[in-house]
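# predicted coordinates and the sequence they were generated for:
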Amino acid sequence: MKNLVSKKDDLLNNFLGIYFIAVLMLWFKTYITQKAQFELGVEGFLQQFLLIINPLGSAMLFLGFSFLFRGKRKYTSLVVVYTLMSILLYANVVYYRFFSDFITLPTIFQTQNFGDLGGSVLSLLKPYDILFFVDVFVMFYLRFSRKIQKETNRFGNKKAMAIIAFALVVSILNLGLAESSRPQLLTRGFDRNYIVKYLGMYNYTIYDSVETMKASSQRALADSSDITEVINYTKSNYANPNAKYFGAAKGMNVIYLHLESFQNFIIDYKLNGEEVTPFLNSLTKDDNTAYFDNFFHQTGQGKTSDAEFMLENSLFGLPQGSAFITKAQNMYQAAPSILKDYGYTSAVFHGNNGSFWNRNVIYKSFGYDNFFDASYYDTSSSEDMAEYGLLDKPFFEQSESLLSSLPQPFYTKFITVGNHYPYKMNQDLVTIDKADTGDASVDNYFQTARYADEAIEQFFNQLKELGLYDNTMIVLYGDHYGISDNHNKAMEQVIGKDITPYESTNLQRVPLLIHVPGMQGETNHTYGGQIDLLPTVLHLLGIDTQNFIQSGSDLLSEEHNEIVPFRNGDFVSPTIYSINEKLYDNKTGLPLDDSQLELANAIKNEVEHKLGFSDKVVNGDLLRFYTPPQYTPVDPSQYNYFKDTHVESN
């Protein structure tokens, strides 16, 4: 017994012993977290082995920085690094619970949004989360306990180098095995899930930091020659407008209704025999409405801001973070600026803070004349407020006078917030019961979706009363999923079948309804995504898009490309789905037959090219080198959205 106690004391009174205790604890915690908290799709012995070893090399390497210090400072540095790595791991766990994604360096700079998140963040926290920091308390005990002697001698350089070398060998072995399982892992890294699965959370953070710095440097290195290849690519992918629809809305006002967190499964869905969205259901069958039932959101980490970015520019959001935050100063050729040359006034209506998603900055780069944020609305009544701003019904009511003040024709966007996670609502305002899956987010979703549906009907009636309805094209679109993969067990009860990766992808459909008075409407089964909205809307207005740099194509064109890329490099099409490195037959939902692999690989390459060209434009700010014929570039300094100067500036 004395020998065991002596060995324990020797271990704790030796810095190397405490270092290895820290490595083992962090290794074990990270492995368990990656296994239990993230849906990484780990399959086969090699991927299981990589998941086990990938935290080891990075834990040894990062904690090994403590060897650079002398005396008690090496203990302090060990605890500091350990704590920071634990915080990084836990932050990704919380982030993943809602976004099914991992934090990137640009998302860290989106902290200006955090103050508005309120209970949405709190709802993601779990009582057992304290377990993520039990080992951190152990490390603090080892550092500050007087029962443990602190070794003050400088750690031998040879020993330190040997440990660092071993950590590098483990990391290099990890990378080599990962490359053997998925070639070009780091050069084709659209999907962060792959990087975490093969290399681990901490190595992913290094990779992300390098990729972010590379993207940031692209603008400085870009020149006018870079735009030539992009122009040639976009022209080769241009889809001629359909003569049946081209100009169907010429001269009309345009209103976008941004349907927060709306998924398409809710259309025509009945809960306990009752329609959840009766008004939207009726609108899909309206004679003047084109309803697209194979329309997918294509957002990345920017979520709502990505959806806006795509519909305004027909360019993809960024692989990391939000272009609204990191690329707000770029030159754009967005819808408001294009339509300005055709006599349109533009405005955004949103009952939340103007700084949320940096809207009050990037809207100027888009050329929006007006941005009516929360400062233009009466938000004094708590009963009228949701977590992200003014509830939809009072929002539309208070927007009426602002809309009436705009010269016609106008191009406008109304951003709703009522149907937003965590989908809580005052029960005095609801008109439908909750679902009964046992998952609060899923169960509440139906009540907030019904509320949003009623608010939209109210707004349509307001437009009729204002005399605007008959001369306005109204585009309703879902911005992104409302219920993430983390709620698939509950969603299986909702849709009545198992949610395979194929079915999960189908749940990424969001509504798209385009209502044009006088246009012959129908349910359109064309495959498309948010990247296709701008050319579609411009062609309906009778404005040809062939001279603009756009990644999408007109949904109503007979030449429309029905391959729908996702931000992570996956795609869907009428025949083939590519999901998490696996291919599926869209007719059966089963793994793809070998006879179609050549076609699937060709589509994969096309998707990578399309995403790559879009990223090249955005990261390089290439539109500053190209002005289309008869287009007037935007001068952001000409816009002022402050309420007290609104009249003078417009």
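Ah, there it is.
# would you mind listing the buried residues in the helix or strand hosting Leu78?
Under the criterion of DSSP states H and E, Leu78 resides in helix 73-99. For helix 73-99, burial by neighbour count (16 or more other CB atoms under 10 Å) applies to 74-75, 77-79, 81-82, 85-86, 89-90, 92-96, 98-99. Glycine gets a C-beta too; all of them are placed from N, C-alpha and C.
# could you do stretch 589-603 as well?
Buried-residue list, stretch 589-603, by 16+ other CB under 10 Å: Leu592, Ala600, Ile603.
# the last one touches Ile576, doesn't it?
Yes: counting by CB atoms under 8 Å, Ile603 sits close enough to Ile576 to count as a contact (6.4 Å).
# tell me how the chain divides into domains.
What automatic domain parsing lists as the domains of the chain is 2-218, 226-322+350-357+412-454+461-649.
# would you turn those domains into TSV with mean pLDDT and distance to Gln329?
Below are the domains of the chain laid out as TSV (pLDDT from 0 to 100; distance: least, CB to CB, whole Å):
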stretch	mean pLDDT	distance to Gln329
domain 2-218	81	12
domain 226-322+350-357+412-454+461-649	94	8
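# quick one, which of these is nearest to Glu383?
Glu383 lies closest to domain 226-322+350-357+412-454+461-649 among those, at 6.8 Å (CB to CB).
# tell me how far Tyr641 lies from Asn360.
6 Å (CB to CB, to the nearest Å).
# tell me how many other residues crowd the nearest residue to Leu540 once chain neighbours are set aside.
Residue nearest to Leu540 in three dimensions, not counting chain neighbours: Ala249, with 4.4 Å by CB to CB, 6 or more residues apart in numbering. For Ala249, the count of nearby residues is 26 (other CB atoms under 10 Å).
# next structured bit after the helix holding Leu78?
Past helix 73-99, the next helix or strand by DSSP H and E is helix 105-108.
# elements contacting that next one?
helix 201-221 (3 or more CB pairs under 8 Å, 6 or more residues apart in numbering; DSSP states H and E).
# go through the helix it packs on and flag the buried ones.
Neighbour-count burial for helix 201-221, with 16+ other CB under 10 Å as criterion, is recorded at Met201, Tyr202, Asn203, Tyr204, Thr205, Tyr207, Asp208, Glu211, Thr212, Ala215, Gln218, Arg219.
# off-centre distance for that helix?
Put simply, helix 201-221 sits 18 Å off its chain's centre (CA atoms, centre = their mean, to the nearest Å).
# got the angle between that helix and helix 73-99?
On the basis of axes from the mean of the first three to the mean of the last three CA atoms, to 10 degrees, helix 201-221 is oriented at 80 degrees to helix 73-99.
# hmm, who's touching helix 201-221?
Under the criterion CB atoms under 8 Å, 6 or more residues apart in numbering, residues 30, 33-34, 54-55, 57-59, 62, 85, 88-89, 92, 102, 104-106, 171, 174, 186, 189, 192, 195-196, 199, 318-321, 615-616, 619-621 lie in contact with helix 201-221.
# among the buried residues of helix 201-221, which one lies nearest to Ile432?
Met201 (40.8 Å).
# mind checking how far that closest one is from Ala602?
The span separating Met201 from Ala602 equals 34 Å under the rule CB to CB.
# what of Val42?
28 Å.
# tell me which element the closest residue to Gln530 other than its chain neighbours falls in.
Nearest non-adjacent residue to Gln530, counting by CB to CB, 6+ apart: Met310, 4.2 Å away. Using DSSP H and E, the element containing Met310 is helix 304-313.
# show me what that helix is packed against.
Partner elements for helix 304-313 (3+ CB pairs under 8 Å, 6+ apart): strand 253-259, helix 323-326, helix 335-340, helix 359-366, helix 533-540.
# could you identify which of the ones you listed is most buried?
Across the helices and strands packed on helix 304-313, averaging neighbours per residue (mean count of other CB atoms under 10 Å) puts helix 533-540 on top, at a mean of 26.
# run me through the strand neighbours of the helix or strand that that one is followed by, direction for each.
Under the assignment DSSP H and E, the closest C-terminal helix or strand after helix 533-540 is strand 564-565. Strand 564-565 has the following strand partners under DSSP bridges: strand 571-572 (antiparallel).
# centre of the chain to the partner strand, how far?
Per CA atoms, centre = their mean, the centroid offset for strand 571-572 relative to its chain is 17 Å.
# contacts for it?
For strand 571-572, the external contacting residues (CB under 8 Å, 6+ apart) are 296, 505, 527, 563-566, 577-578, 586, 603-604, 607.
# most neighbours among the residues you listed, please name it.
So for the contacts of strand 571-572 (other CB under 10 Å), the most neighbours sit at Pro565, 29 neighbours.
# I figured that residue hits Lys610, correct?
Yes: counting by CB under 8 Å, Lys610 is a contact partner of Pro565 at 5.6 Å.
# overlap of the contact sets of the two?
Common neighbours of Pro565 and Lys610 (CB under 8 Å, 6+ apart) are Phe316.
# just the strands in the stretch 351-500 of the chain please.
370-372, 385-386, 389-390, 410-415, 472-478 (DSSP state E, counting those that start in this stretch).
# for Tyr128, which of the ones you listed is the nearest?
strand 385-386 (28.8 Å).
# pull up the pairing partners for that closest one, direction included.
strand 389-390 (antiparallel).
# with that, I have no additional questions.
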